[in-house]
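Trainee: Just the structure for this:
(2 chains)
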Amino acid sequence: MGAPLNTGFQMSTPVFKVDRDPDRCIQCGVCINQCANEVHHMDNDGWMWIEDEKCVACQRCAVLCPTRAISITDFPVIYRENSHWGSASIREIYRQAESGGVLLTGMGNPRPYKSYFDHLLLNASQVTNPSIDPLREPMELTTYLGNKGSLITETEKPFLKLKVPIMFSAMSFGSVSLNVQKSLSAAARDMGTFWNTGEGGLHPDLKEFGSCAVVQVASGRFGVHPGYLENSAAIEIKIGQGAKPGIGGHLPGEKVSEEVSLTRMIPAWSDAISPAPHHDIYSIEDLDQLIETLKVATGYRKPVAVKVAAVHNIGAIASGIVRAGADIVAIDGFRGSTGAAPMRIRDNVGIPIEIALAQVDSRLRDEGIRQQASLVAAGGIRSSADVVKAIALGADAVYIASAALVALGCHMCQMCFTGKCNWGLATTNPGLSKRLNPELGIQRAKNLLAAWGHEIQEMMGGMGINAIDSLRGNRLMLRGIGLNPQELDLLGIKSVGD
Amino acid sequence: MAVIDASKYSQQELINILNNLTDDDIEITGLCGQRYVACGWKNQKRLILEGVPGNNLAAFADGPEIIVHGNAQEGVGNTMSSGHIQVHGRVGDIAGYGMRGGELFVKEHAGYRLGIHMKAYQDHKPVIVVGGSVGAFAGEYMAGGTIIVLGINTIQPLIGHYCGTGMYGGEIYLRGDYPVKHVAPNIEKVVISGKELDNIIDYLHRYSIYFKYPLEKILDEQFTRLTVQNVRPFAGLYAGFVS
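Mentor: All right, here's what the predicted structure looks like:
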C-alpha cells in the first residue's frame, strides 16, 4: 500500500452556506474573531467576504453576531435525487479520493438507526394505587455503586454514593479543555456525583477533585501512577468505547500541548497512541488479574469499574467481567460520543445501549450474580426520560458526556477532532479554551443535573415509586410501542396495551 | 531487616503482611507464585526475593528496589513509574508494559511482548536490559525509553517477530550486527560500536556487575540500534470529514 498523496483538488461544493445580511451587518468583526476555522474575512477597506468551504456549522458566529446578520444553511444540494447515493456518500468518496485518508469524525453516531428509547413508554398510577407528589413527599434518588453481595459477607466492599444517578462520562484532558473538566468536576462534587478523567491523567489543578473522580486506566496507561490511582473515588479500566469499539485511541501530537503533556506524562507535541487492546489483558483471567492488581495497589479501598462497548454477545462479556471481580460494569452503547473516531467505526460498529442493558441485566440475574456489580449505562442519553428508561431496563446509574457538553455550549458540529472548537470545549488552544468560563460552566452543569433530578422524581412519583431502587430493572414500568415481538422479548418488556 | 517465609502464606496473606510492615529492608523466602508483590508501592523500600514471585511483580510501582533470586512470572514492572528490579533468572510475558520510568535488569530471557508501549517523560527514562533473548512483539507501540537485548547463552534469535510494530519513539539495542528481517517497517537500523555505545555503556557495565558477567565479553561484538524513521507514523492516516 503506497503512501496516500493529497491531490488537493476539490470536487464538491461546500456543505454549508454562510449568509451575511448586508443591511444588518455593522462590520463589527465579531464573526472574524470568533471563527477559528477562518470563514469570515475583512480587508483594509472594510470589504467582507466568506469562505463557505471552511464552515462546520457550529453556529458560533451566528449566535454571537450582535445584529443577527449571519445565518448558516445547508448549501443547496446539486446532486441528482437518488435514494441510495445520498450527497454524504458522494462527498465521502470525494474526500477519500482526494486524501487517501481514513475518514475521521467526532461526537456520536448520527445515522437514522432505530432509537429504542423513543419506542419505550412509561407507566403512571391511576386509581388503583396512588401517585406520589415529589414536591410534598420524600423521594429517594441516592444510588450506591459497587459490589452489594458483600452486605452479607464479613468485609465491607468499597462503593460510590451518588445523590443523583447520573455521572459525567470519561472525557480526557486533551480531548476536552481544562475548563470543561473544571466545570464538570466541580459540578459533580457539588451535586454529590462523580466525573471521569478519561485516559489522560489528572491535571495538577484538579487534584482537589480527585475525591469525586473516577480515574481511568486504559491501554496507553497515560498518566497512570500510584498517586493518580490513590487520589480517586474509583478506578475504571477502559476496555472499549461505544463510538469506537475494538480500536484504540490516537491523540495527535498537535493536541499534546505543554499542559496536556503534564497529565499524560509524555513529551509535548508527541502523539499519544492507545493500542487497541490492553496488552496485559487477552482473557477474562487476565482482566481478573488487572482488577486485582489495581485493588492491591490501592489497598482494596476503591471500587474498580470496567467499561466496555456494547457489542454482540455483551451478556456473556458482562458476565465474565463480573466474575473477574469488577465492582461496576459500564456499558457504552453505539450512540456514544468521541473526540475523534474513524467514521466507519462510529457509524457501523456496536449495538444500542437499550438492548445491551436489558440483555446484561437479565443475564446477570439469571446467573445469580447481579448483586455483585452495579451497571452503568452510557451512550446517547439525551434526557431524564432516557435515564428513567435506562434504569427501568436494569441500569443502576448512567453516564452522560454529550449532554454535559451541550449544557456547556456544544452545538454538535462533530468536528471535535480538529482541536478548533469555537465553543472552547473540544480544544486545548488557550485562546479558545477561555471561551468557556468555568464558573458559568459549573452552574450550567449543576442546573442540568438538578433539572434532570427533579424530572426523574416527577416520573417516579407518577409511577407511584418513591425510591430509585424500586425502579431499577422494573421493566413492568415500560411498554414498547412500534416494536416487533422479538425486540420486545430482547428488551424483556410488554407491548403497549398489554 | 524483616525476613518472611512466604511458603507459609497464601497470596492474600502475604500482601496483607507486606502492607503492614514498616521495615525498609525486607527479605521474602520461599516465594512460589504469589502475585502482586510490591504492587503499587510508592516508597524506596528494598526487597530481596527468593523463589518465584507471581504475576505483576511491582506493577504500578514508584520507587522500590527489588532483587529476585530466581525467575519471575508475567507482568514484571507493569506500568512502573520508577524503581529498580533485578531478576537473576528469566521473566515471563509483558514485562515492562507501559513502563514510564525505572530499570529492569534480567539475567536470562524475557517472554513475549516485552516493553510494549514504554514511554519516557522528563527525568523518567525507563530501561530494560535482557541478558538472553526475548519473544515476539518486543517494543510494540514503544514511545520512549531503552530496551537492550544481549543474546548471552542463547541459541534463539535475539528477538522474535514483529519487533517494534507501531513504534514511535525510544531505542532498542541488540548485541551483534543483527539481521532485521523480523523488524517492523518504519524502523531504522544502525550498527554501532566503541564510542557510539556511550548512551548505554552504564547499563552494560551494571549488567556485568549485577550478574557477574565480564563487560569485555559483552563489548566484543558490535550493537544494532533500532530507532524510528518517522516519529509520527500515523500522522497522514486520517482525513477529517464534515459529516
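Trainee: next one: stretch A:187-197 to chain centre, how far?
Mentor: Taking the mean of its C-alpha atoms, stretch A:187-197 sits 15 Å from the chain's own mean (C-alpha atoms, centre = their mean, to the nearest Å).
Trainee: Could you grab the helix/strand/coil label for the residue nearest to residue A:203 when sequence neighbours are not counted?
Mentor: If the residues on either side of it in the chain are set aside, residue A:203 comes closest to residue A:263, at 4.9 Å by C-beta to C-beta, 6 or more residues apart in numbering or on different chains. Heads up, the C-betas are built off the backbone N, CA and C, glycines and all. Each residue gets one of three states, and residue A:263 gets helix by DSSP: H, G, I helix; E, B strand; the rest coil.
Trainee: Contact partners for residue A:263?
Mentor: Contacts were defined as C-beta atoms under 8 Å, 6 or more residues apart in numbering or on different chains; by that measure residue A:263 touches A:173, A:174, A:200, A:201, A:202, A:203, A:204, A:222, A:223.
Trainee: Would you list the buried entries among these?
Mentor: Neighbour-count burial (16 or more other C-beta atoms under 10 Å in any protein chain shown) applied to the contacts of residue A:263 gives A:173, A:174, A:200, A:201, A:202, A:203, A:222, A:223.
Trainee: Show me which of those is closest to chain B.
Mentor: Minimum separation from chain B among those (C-beta to the nearest C-beta) is found for residue A:222, which lies at 8.2 Å.
Trainee: Correct me if wrong: that closest one contacts residue A:200.
Mentor: Yes. If you go by C-beta atoms under 8 Å, residue A:222 and residue A:200 touch, sitting 5.8 Å apart.
Trainee: Find the least confident helix or strand in chain A, judged by mean pLDDT.
Mentor: In chain A, no helix or strand scores lower on mean pLDDT, DSSP states H and E than strand A:249-251, which sits at a mean of 80.
Trainee: Which residue is the nearest non-sequential neighbour of the most centrally placed residue in chain A?
Mentor: Among the residues of chain A, residue A:401 comes closest to the average C-alpha position under C-alpha atoms, centre = their mean, at 3.4 Å. If you skip the residues right next to it in sequence, residue A:401 has residue A:169 as its closest partner in space, 3.8 Å away by C-beta to C-beta, 6+ apart.
Trainee: do residue A:288 as well
Mentor: What sits nearest to residue A:288 in space, not counting adjacent residues and going by C-beta to C-beta, 6+ apart, is residue A:324, at 3.9 Å.
Trainee: How about residue B:83?
Mentor: residue B:102 (4.3 Å).
Trainee: what about residue A:470, how many residues close to it?
Mentor: Neighbouring residues of residue A:470 were enumerated by other C-beta atoms under 10 Å in any protein chain shown; the total is 14.
Trainee: Okay, it and residue A:477: tell me how far apart.
Mentor: Between residue A:470 and residue A:477 the distance, using C-beta to C-beta, to the nearest Å, works out to 9 Å.
Trainee: Same question for residue B:205.
Mentor: Between residue B:205 and residue A:477 the computed distance is 71 Å (C-beta to C-beta).
Trainee: Please name the residues that touch residue A:349.
Mentor: Under the criterion of C-beta under 8 Å, 6+ apart, the neighbours of residue A:349 are A:244, A:245, A:246, A:309, A:311, A:334.
Trainee: By neighbours, which of those residues wins?
Mentor: Within these, neighbour counts (other C-beta under 10 Å) peak at residue A:309, which reaches 29 neighbours.
Trainee: partner residues bridging that one?
Mentor: Applying DSSP bridges to residue A:309 yields these beta-bridge partners: residue A:332.
Trainee: now residue A:273
Mentor: Going by DSSP bridges, residue A:273 is paired in beta bridges with residue A:250.
Trainee: returning to that earlier point: compare neighbour counts for residue B:205 and residue A:477 and give me the winner.
Mentor: Summary of the neighbour comparison: residue B:205 and residue A:477, criterion other C-beta under 10 Å, with residue A:477 having more neighbours (25 against 13).
Trainee: how far away is that one from chain B?
Mentor: Between residue A:477 and chain B the computed distance is 36 Å (C-beta to the nearest C-beta, to the nearest Å).
Trainee: my read: that residue touches residue A:394, true?
Mentor: No. Between residue A:477 and residue A:394 there is no contact under C-beta under 8 Å: 11.9 Å.
Trainee: who are the neighbours in contact with the closest residue to residue A:178 other than its chain neighbours?
Mentor: Take residue A:178 and drop its neighbours on the chain: the residue closest to it by C-beta to C-beta, 6+ apart is residue A:203, 5.9 Å away. Under the criterion of C-beta under 8 Å, 6+ apart, the contact list for residue A:203 reads A:173, A:178, A:181, A:259, A:262, A:263.
Trainee: Hmm, residue A:303 is touching residue A:148, no?
Mentor: No. Because the distance of 11.0 Å does not satisfy C-beta under 8 Å, residue A:303 is recorded as not touching residue A:148.
Trainee: How are the helices of the stretch 301-450 of chain A distributed by residue range?
Mentor: If you assign secondary structure with DSSP state H, counting those that start in this stretch, the helices in the stretch 301-450 of chain A sit at A:314-323, A:343-348, A:353-366, A:384-393, A:402-407, A:430-433, A:438-463.
Trainee: Please convert these to CSV, extending it with mean neighbour count and distance to residue A:120.
Mentor: What follows is the helices of the stretch 301-450 of chain A, written out as CSV (neighbours: other C-beta atoms under 10 Å in any protein chain shown; distance: least, C-beta to C-beta, whole Å):
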stretch, mean neighbour count, distance to residue A:120
helix A:314-323, 21, 19
helix A:343-348, 19, 23
helix A:353-366, 24, 7
helix A:384-393, 26, 5
helix A:402-407, 23, 18
helix A:430-433, 16, 38
helix A:438-463, 20, 12
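Trainee: what's the closest of those helices to chain B?
Mentor: Taking C-beta to the nearest C-beta as the criterion, helix A:343-348 is the member of the helices of the stretch 301-450 of chain A that comes nearest to chain B, at 6.0 Å.
Trainee: follow-up on the earlier one: next, format the helices of the stretch 301-450 of chain A as JSON lines and append mean pLDDT and distance to chain B.
Mentor: Formatted as JSON lines, the entries for the helices of the stretch 301-450 of chain A read as follows, by pLDDT from 0 to 100; distance: least, C-beta to the nearest C-beta, whole Å:
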{"stretch": "helix A:314-323", "mean pLDDT": "98", "distance to chain B": "18"}
{"stretch": "helix A:343-348", "mean pLDDT": "96", "distance to chain B": "6"}
{"stretch": "helix A:353-366", "mean pLDDT": "98", "distance to chain B": "21"}
{"stretch": "helix A:384-393", "mean pLDDT": "98", "distance to chain B": "23"}
{"stretch": "helix A:402-407", "mean pLDDT": "98", "distance to chain B": "15"}
{"stretch": "helix A:430-433", "mean pLDDT": "95", "distance to chain B": "17"}
{"stretch": "helix A:438-463", "mean pLDDT": "97", "distance to chain B": "26"}
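Trainee: Tell me which stretches of chain B form strands.
Mentor: With DSSP state E as the definition, chain B shows strands at residue ranges B:2-5, B:25-32, B:46-52, B:62-69, B:82-87, B:103-106, B:127-130, B:143-149, B:169-175, B:187-192, B:223-228, B:238-240.
Trainee: List of residues touching the fourth one?
Mentor: It stands for strand B:62-69. When contacts are defined by C-beta under 8 Å, 6+ apart, strand B:62-69 is touched by residues A:225-227, B:38, B:41-51, B:53, B:57-58, B:80-89.
Trainee: Now residue A:92: closest residue in space that isn't a chain neighbour?
Mentor: With C-beta to C-beta, 6+ apart as the criterion, residue A:92 has its nearest non-adjacent residue at 6.1 Å, and that residue is residue A:103.
Trainee: hey, which helix is longest across chain B?
Mentor: The helix spanning the most residues in chain B, taking DSSP state H as the definition, is helix B:198-210.
Trainee: Could you chop chain A up by domain?
Mentor: Structural domains assigned to chain A are A:16-101, A:117-495, following automatic domain parsing.
Trainee: Out of the ones you listed, which one sits most buried?
Mentor: Ranked by mean neighbour count under mean count of other C-beta atoms under 10 Å in any protein chain shown, the domains of chain A are led by domain A:117-495, which reaches a mean of 21.
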